[in-house]
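Asks: give me the fold of what follows.
(2 chains)
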Amino acid sequence: MDTQQLELIELAAKGDSQAFERLVMPHEKMMYALALRMCQNPEDAKDCMQDAMIRIFRSLPTFRGDSSISTWIYRIVNNTCLDSHRRKKVRRAESLEELDEAGWTAPDPSPGPQEELERQSLKSALSRGISLLPDNIRSAVVMRDIHGFSYEEIAETLDINIGTVKSRINRGRERLRNFLIETGELD
Amino acid sequence: MNNIRLNDLNDEKISELLKGLDDDIQVPLDVSAAWRRAVRKEAASIRFLPRLRRWGEMAAAIVLMVGLTFLWRGALKPQSHGDQAGPAQSEKYIYILQEEGAAMTLLASDSSLAETNGTDDIDEETLTFTTADENVLPKEESADVKMMLAAKADTGAYGFSPEIVKYAYADLSVKDPGETHSQMHALVKNFDAYIESEEYAQDDDSSISGRIRVRADQFEEMADALKNRFKGIELNVFEEDISTLYRDGSERLEAAYRAIEELTRRLETVPEAEIAALYDQINRMYDDIDLFRGEQNAYLADTQYSTVFYTIRQRAALGSFVAFFRPSETGGLAGFALDFVKVALVLLPVIALTAYIAIRHANMAQRKKLYRQPA
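Replies: Numbering: from 1, shown residues only, chains lettered A, B, ... in the order given. Below is the predicted model of the structure:
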């Protein structure tokens, strides 16, 4: 953690909302992406985002510095989304248009290079495949393969051991592979 | 359909495909605005809470100091030592008249006392007796004795029933003993009381001592008045049950009267040469009667009027400093306010210092944890 970040943490812990905004802004996109992946619909993602931000703001005085701030934030967002998921019935996105409203860039319908089109199609399929994964597996796969967290960071965030992390990631990838085969995305 | 073949879709490929999946995500403006609003609202409520907590802490500190002031003032009130029963004596008294020829000799039947051969050697203080053969007593009581006994039976004992004598010792350490003594004089006048005696220390005027006599039924009231008026007073109250002492004295008187009666009867029969000695004996008996009556009168006086023995000393300079931290002698709200200030002067620096050390320690610990780099 750099000095500026530490100063922002100290100020935000005392109740400075502007310092808090500056502290979390670099992680906003990641947080929203995770919320979207976990909640699978934009409305719930918005609510989770709001709840998570308030939880982070309230919990800052208790932040001990044992982990990086991004890992700590990620954990809170993940737990908030899981709590929300358990309370609500998951309303899956029925169409790509809903996801587009949520911020995903829809595939360009105009004719373009074949490869780009196929890439976009694959991305959409993967997104759908991820949404079908169980919560615990989805968290691990998203953190590792999409957001690039290390096994240790994932283990700390999800409060599991590294072996379990690797196991869940492996199962997640396997399911994605099977999903892609079933949807005909592969040759 | 993608041109990715199934055989190529290993873990690494999956990971590569997933990487950057969310790169195109943009956070909608309404989402961003919503959480910012929520956080600012939360911040506003958090700012109010510390203020409320500070007011609460101040109120708690004031309540604590007020309570401590009450306890402090109450705890240093002089405690009454309560009842202290006097010695109980209940012995029958009788003069043992031993004949040596025609002479009558008074003997003390207590083995610890020396025998006496003549009336001149009899020490008044050693006239203690134990129960003896009743045959020595005259069988027939004289008219005087009868009358006395009748009077006693009728009214208890000489017209009253002595029971409890109360007395007290009061000590004061003040800046101006003379002024305090005057205040004591004025207070005493509010009761049926008087200053029986007083004396000033001969070397200087730094202490005044004396005795206050107050009617027994007003003793408690006056003692309370002294405690309320002079806050730093040390007042120790004692009680002595003298009923047995008084009865004891009465019985001794009776015995003396009976002995006189007997001696008087013998005057009629003894040879003339021995009459003088007999008269000496009788006079000695009357002396005893005077002594016993004196004691009885003293008991009577003590039960009717209680005594407060007081000493007023001048406080030394250091005593003044120490006395500052004692409850004030002023009663009422003014005294309480002064004592409250004293408690605050002592407590506030202690609380402030403790809080400063605790907060500083907590901040240092927090900083250490924040600045510790994760492994």
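Asks: could you point out the helix or strand that follows the helix-or-strand element of chain A with minimal mean pLDDT?
Replies: With mean pLDDT, DSSP states H and E as the measure, the helix or strand of chain A carrying the lowest mean pLDDT is helix A:96-102 (a mean of 52). Scanning forward in sequence from helix A:96-102, with DSSP states H and E defining helices and strands, the next element found is helix A:114-132.
Asks: quick one: that following helix to chain centroid distance?
Replies: 17 Å (C-alpha atoms, centre = their mean, to the nearest Å).
Asks: tell me the average confidence for it?
Replies: Averaging the model's pLDDT scores along helix A:114-132 yields 82.
Asks: which parts of chain B are strands?
Replies: Applying DSSP state E to chain B gives strands spanning B:96-100, B:103-107, B:164-174, B:193-200, B:207-215, B:234-241, B:305-314.
Asks: using CSV, lay out the ones you listed together with mean pLDDT and mean neighbour count.
Replies: C-beta coordinates here come from the backbone N, C-alpha and C atoms, glycine included. CSV is the format used below for the strands of chain B (pLDDT from 0 to 100; neighbours: other C-beta atoms under 10 Å in any protein chain shown):
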stretch, mean pLDDT, mean neighbour count
strand B:96-100, 44, 13
strand B:103-107, 43, 20
strand B:164-174, 86, 20
strand B:193-200, 86, 14
strand B:207-215, 89, 19
strand B:234-241, 85, 18
strand B:305-314, 88, 20
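Asks: for the ones you listed, could you give me CSV that also reports distance to chain A?
Replies: Converted to CSV, the strands of chain B look like this (distance: least, C-beta to the nearest C-beta, whole Å):
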stretch, distance to chain A
strand B:96-100, 96
strand B:103-107, 96
strand B:164-174, 54
strand B:193-200, 69
strand B:207-215, 63
strand B:234-241, 55
strand B:305-314, 58
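Asks: pull the number of nearby residues for residue B:295.
Replies: Residue B:295: 16 surrounding residues under other C-beta atoms under 10 Å in any protein chain shown.
Asks: ok, now how distant is the spatially closest residue to it that is not a sequence neighbour from residue B:265?
Replies: Closest residue in space to residue B:295, ignoring its immediate chain neighbours: residue B:249 at 5.1 Å, by C-beta to C-beta, 6 or more residues apart in numbering or on different chains. Plainly put, residue B:249 is 25 Å away from residue B:265 if you go by C-beta to C-beta, to the nearest Å.
Asks: compare these two (neighbour count), which wins?
Replies: Using other C-beta under 10 Å as the criterion, residue B:249 and residue B:265 rank with residue B:249 on top: 24 against 12.
Asks: who touches the more buried one in this structure?
Replies: Shown here is residue B:249, whose contacts under the criterion C-beta atoms under 8 Å, 6 or more residues apart in numbering or on different chains are B:292, B:295, B:296, B:299.
Asks: so the last one makes contact with residue B:240?
Replies: Which is residue B:299. No - contact between residue B:299 and residue B:240 fails when scored by C-beta atoms under 8 Å: they sit 9.9 Å apart.
Asks: shared neighbours, these two?
Replies: Both residue B:299 and residue B:240 are contacted by residue B:165, under the criterion C-beta under 8 Å, 6+ apart.
Asks: care to break chain A down by domain?
Replies: A:1-106, A:107-187 (automatic domain parsing).
Asks: touching chain B at all, the longest one?
Replies: Yes - part of domain A:1-106 sits near chain B under the criterion C-beta under 8 Å from any C-beta of the partner chain, namely A:1, A:6, A:9-10, A:15-17, A:20-21, A:28-30, A:32-33, A:36-37, A:42, A:45-46, A:49-50, A:53-54, A:57-58, A:63-68, A:101-105.
Asks: next one: residue 93, what pLDDT does it get?
Replies: You didn't pick a chain, so chain A it is. Taking residue A:93 on its own, its pLDDT is 49.
Asks: could you do chain B instead?
Replies: Predicted confidence (pLDDT) for residue B:93: 51.
Asks: mind checking which residue lies nearest the centre of chain A?
Replies: The structure's chain A has its C-alpha centroid closest to residue A:34; by C-alpha atoms, centre = their mean the separation is 1.6 Å.
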